[in-house]
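[1] dropping a prediction and its sequence here:
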Amino acid sequence: MLRYFISAVVGYLLGSLSFAIIVSKTKFKKDIRNYGSNNAGMTNTARTFGKKAAAVVFLGDFIKPMIAALISLFLISGEENPVGCAYIAGASAVIGHIFPVFFGFKGGKGVASMFGVTTVMSPISVPILAVPFFVTLSASKMVSLSSIISAVCVPVVTFVIYKFLPFLNPPLLRGDWKIPTVCTAIIAILVIFMHRSNIERIKKGEERKIGSKKKND
């Protein structure tokens, strides 16, 4: 249990390094949370400060849960369910991204970090999850809706792979299905919760679409 706790703490602290806030404050001397949608994430960074800044933000938000999971897998877990420890670290990094202790617990929506966890812990899930994301994006032109649909799919895909198709993962990343499924379910719930304002706008037909000039989230 101690290794689970340490993994959670390490993951949360790494996740709390909000790259959108760090980049906006160090490079532009502004807080991204005061502009656009007020969200500390890649999309708002792109709309406010440009694609180059957004690329840095995405890379940082994508990699930090991967680092957390790998640290747990190789340095913390020992023989105590290494895959479970790594998932706890990755999920905690997403929680840290959304509620960063270093920035007043006001962070991003967790989409890039969610994909970082799935990429490092179950690489085969990436092309699988890409299908609903890009199909939804192509049909709706809404990044937010695509992210929500992907979030719904993540724990389902994780459960199916770990429970029924474990051979699809590399041997090092095979393990019991329970912790991976619970962790990805928690991530999905949080990501969807953080998109609640987007959901309201989608219902009203007011959500911003790709190429739209309307100033929304």
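    Received it, and whenever you're ready, just let me know what you need.

[2] going forward, measure contacts and count neighbours with C-alpha atoms only.
    Noted.

[3] lowest-confidence helix or strand of the chain?
    Among the helical and strand segments of the chain, the one scoring lowest on mean pLDDT, DSSP states H and E is helix 42-49, with a mean of 95.

[4] look at residue 206 and tell me its secondary structure.
    coil (DSSP: H, G, I helix; E, B strand; the rest coil).

[5] and what about the most far-flung residue of the chain relative to its centre, helix, strand or coil?
    Centroid-distance maximum for the chain: residue 79 at 26.8 Å, with Cα atoms, centre = their mean. Assigned by three-state DSSP, the conformation of residue 79 is coil.

[6] and the angle from whatever helix or strand comes next after the least confident helix or strand of the chain to helix 42-49?
    Per DSSP states H and E, the first helix or strand lying C-terminal to helix 42-49 is helix 51-71. Taking axes from the mean of the first three to the mean of the last three Cα atoms, to 10 degrees, one finds helix 51-71 and helix 42-49 inclined to each other by 150 degrees.

[7] and the helix or strand just after helix 51-71, what does it pack against?
    Where DSSP H and E defines the elements, the next helix or strand beyond helix 51-71 is helix 82-98. Counting by 3 or more Cα pairs under 8 Å, 6 or more residues apart in numbering; DSSP states H and E, the packing neighbours recorded for helix 82-98 are helix 2-15, helix 51-71, helix 111-121, helix 178-194.

[8] for the chain, give me the ranges with low pLDDT.
    Filtered on pLDDT under 70, the chain yields the residue ranges 213-217.

[9] 50 instead?
    215-217 (pLDDT under 50).

[10] if we can go back for a sec, contacts only, for the residue farthest from the centre of the chain.
    Under the criterion of Cα atoms under 8 Å, 6 or more residues apart in numbering, residue 79 has no neighbours.
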